[in-house]
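>>> What follows is a predicted structure for the sequence shown.
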Amino acid sequence: MTELLRQVDADARRRPTPCDEWTVQELVDHVVATPTRFAQMLRGESVDWAAPTPPAGADPARAFRSHADELVRTWQQSPTAGGVDWQCAELAVHTWDLATALGRPTAGLDPEPAERGLAFMQASLTEDKRSPVFGPEQPAPDGADAYQRIAAFAGRAA
């Protein structure tokens, strides 16, 4: 994710994304804030996912890395680092979203988070829980990588 965030230039920020109604900038803001929100949840703090997302700032890659480091420290300090699979799913789907919006491939990315997130989603995301966040499962392309498969499962047209 950090490398993708480094590739977001001023022109890309206004582009649409596979996330309905989000521009690249809005997706970047969400992705950068997500690790902090997950860390807050692990600490037992209340998180309002519907609250406005703070801006990612001038260096979103650096901010994301800092927030991700905070999340890892929180996992290490938590007696039960629950939610890791859900966190992998969230970040893997949005990794695909950002890569797609930027016209970048996902084949070279570490497949483990996407595979772990996909297994979680397949085990827990029932048809009645898909809407409004996820659409119906889409077919993954032949030879799809892990990010393409999780995106298709999440209803993204790959």
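Now that the structure is in, tell me what you want to look at.
>>> Going by C-alpha atoms from here, please, whenever you check contacts or count neighbours.
Fine.
>>> State the phi and psi torsions of residue 47.
Phi and psi for residue 47, reported as degrees, to the nearest 10, are phi -130, psi 130.
>>> Quick check: it vs residue 38, distance?
Taking CA to CA, to the nearest Å as the measure, residue 47 falls 8 Å from residue 38.
>>> of these two, who's got more company?
Each of residue 47 and residue 38 has its neighbours counted (other CA atoms under 10 Å); residue 38 has more, 24 against 13.
>>> Secondary structure element holding residue 97?
Element membership for residue 97, per DSSP states H and E: helix 84-102.
>>> Could you list the low-pLDDT ranges of the protein?
Counting by pLDDT under 70, the chain has low-confidence residues at 81.
>>> Point to the residue nearest the middle of it.
Per CA atoms, centre = their mean, the C-alpha nearest to the average position across the chain is that of residue 91, at 2.4 Å.
>>> you'd agree it is up against residue 33?
No: contact criterion CA atoms under 8 Å: residue 91 and residue 33 do not qualify, at 11.1 Å.
>>> what's near enough to touch the residue nearest to the centre of the chain?
Taking CA atoms under 8 Å, 6 or more residues apart in numbering as the criterion, residue 91 is in contact with residue 31.
>>> Tell me how many other residues surround the closest residue to residue 101 other than its chain neighbours.
Distances taken as CA to CA, 6 or more residues apart in numbering put residue 17 closest to residue 101, at 5.1 Å, once the chain neighbours are dropped. Residue 17: 22 surrounding residues under other CA under 10 Å.
>>> now the one 5 residues further on
Residue 22 has 15 neighbouring residues, counting by other CA under 10 Å.
>>> ok, it - contacts?
With contact taken as CA under 8 Å, 6+ apart, residue 22 is in contact with residue 16.
>>> Okay, it and residue 103: tell me how far apart.
Separation of residue 22 from residue 103 (CA to CA) stands at 16 Å.
>>> And residue 11, how far from residue 25?
In this view, residue 11 and residue 25 are 10 Å apart by CA to CA.
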